[in-house]
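**Student:** Need a 3D model of the following:
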Amino acid sequence: MAAPLELSCWGGGWGLPSVHCESLVVMAYAKFSGAPLKVNVIDNTWRGSRGDVPILTTEDNIVSQPAKILNFLRKQKYNADYELSAKQGADTLAYIALIEEKLLPAVLHTFWVESDNYLTVTKPWFASRIPFPLSLILPGRMSKGALNRILLTRGEPPLYHLREVEAQIYRDAKECLNLLSNRLGTSQFFFGETPSTLDAYVFGFLAPLYKVRFPKVHLQEHLKQLSNLCRFCDDILNSYFRLSLGDG
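**Tutor:** Numbers count the residues shown, from 1 in each chain. Sure, this is the predicted structure:
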């Protein structure tokens, strides 16, 4: 019998199994590849001190970061990319790099830096799932971490004010969304009728942006104009997560 695979991740809301992009990437990939994950949703009993989830735990291993977790699952024969050609495999890497460079900064900004969104949605949601007194500290630390991650992606030091790069961040994100929409076209998934690693990444980063109800919806409005990407998120939620959705 295979060793149990346990995933510690942030939980769900707004019809999503997780509101955290990187947790959602791993959860989706596990569904696509048939990996039998036991999902442990972080709640008020959690005693970790950092926000570095998702974390995959087995009898012998502790693995964090989506790319490393997915590689580990592939080594355990849970591979959602069996049917991909070499070119499709290369395209997958290129699109994931594009998402992390162009879309991730704007998603982080939407959740963690845009003050109205952070104060009314992100901070209260995460704080309610973290034990006191960490609930007073960790959301702010996660916000600072998001800001640092955004600035690191820009590669144009010195950057004294985030305002200098905000407009470019959102331009890049909209361009990335447009490219993903054009690539998906009328297909069910990015490489045909079977979901793969790229689908897990796109879903993981788009679904929270699509579903979470924010007061400031700058990028969300653009995404909702791209109906095929919205349909893509809805289809995955309905097909793979319908029985396990959290309430929001």
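**Student:** Show me what the lowest-mean-pLDDT helix or strand in the chain is packed up against.
**Tutor:** When each helix and strand of the chain is scored by mean pLDDT, DSSP states H and E, helix 134-154 comes last, with a mean of 87. For helix 134-154, the elements it packs on are helix 104-108, helix 123-127, helix 163-184, judged by 3 or more Cβ pairs under 8 Å, 6 or more residues apart in numbering; DSSP states H and E. Backbone N, C-alpha and C define where each C-beta goes, glycine included.
**Student:** Skip ahead from the longest one and say which helix or strand is next.
**Tutor:** Next helix or strand after helix 163-184 toward the C-terminus (DSSP states H and E): helix 197-211.
**Student:** With just CA atoms, put that next one into CSV.
**Tutor:** C-alpha atoms of helix 197-211 as CSV (Å, rounded to 0.1, in the frame of the first residue of the first chain):
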residue,chain,number,x,y,z
THR,A,197,0.0,20.7,-15.4
LEU,A,198,-0.6,23.9,-17.3
ASP,A,199,-4.3,23.6,-16.6
ALA,A,200,-3.6,23.2,-12.9
TYR,A,201,-1.5,26.4,-12.9
VAL,A,202,-3.9,28.5,-14.9
PHE,A,203,-6.9,27.3,-12.8
GLY,A,204,-4.9,27.9,-9.6
PHE,A,205,-4.1,31.5,-10.4
LEU,A,206,-7.3,32.5,-12.2
ALA,A,207,-10.0,30.9,-10.0
PRO,A,208,-9.4,33.1,-6.9
LEU,A,209,-9.2,36.2,-9.0
TYR,A,210,-12.4,35.2,-10.7
LYS,A,211,-14.5,34.2,-7.7
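**Student:** Any chance of a markdown table for the helices and strands packed on helix 134-154, columns mean pLDDT?
**Tutor:** Putting the helices and strands packed on helix 134-154 into a markdown table (pLDDT from 0 to 100) gives the following:
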| stretch | mean pLDDT |
| --- | --- |
| helix 104-108 | 95 |
| helix 123-127 | 94 |
| helix 163-184 | 92 |
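**Student:** so which of those helices comes closest to G12?
**Tutor:** Checking these against G12 by Cβ to Cβ gives helix 123-127 as the closest, at 10.5 Å.
**Student:** Residues in contact with the closest one: which ones?
**Tutor:** Residues from elsewhere that reach helix 123-127 (Cβ atoms under 8 Å, 6 or more residues apart in numbering): 10, 13, 19, 51, 135-136, 138-140, 142-143.
**Student:** what about 6 Å?
**Tutor:** With Cβ atoms under 6 Å, 6 or more residues apart in numbering as the test, helix 123-127 has contacts from 135, 139.
**Student:** Mind listing what's buried along that helix?
**Tutor:** 123, 125-127 (16 or more other Cβ atoms under 10 Å).
**Student:** ok, so of these, who is nearest D235?
**Tutor:** Taking Cβ to Cβ as the measure, D235 lies nearest W125 of the buried residues of helix 123-127, at 25.3 Å.
**Student:** picking up where we left off before, ok, the buried residues of helix 123-127 vs T57, which is closest?
**Tutor:** Nearest to T57 among the buried residues of helix 123-127 is F126, at 21.4 Å by Cβ to Cβ.
**Student:** Of the helices and strands packed on helix 134-154, flag the one that's most buried.
**Tutor:** helix 104-108 (a mean of 24; mean count of other Cβ atoms under 10 Å).
**Student:** who does it touch, helix- and strand-wise?
**Tutor:** For helix 104-108, the packing partners by 3 or more Cβ pairs under 6 Å, 6 or more residues apart in numbering; DSSP states H and E come out as helix 134-154, helix 163-184.
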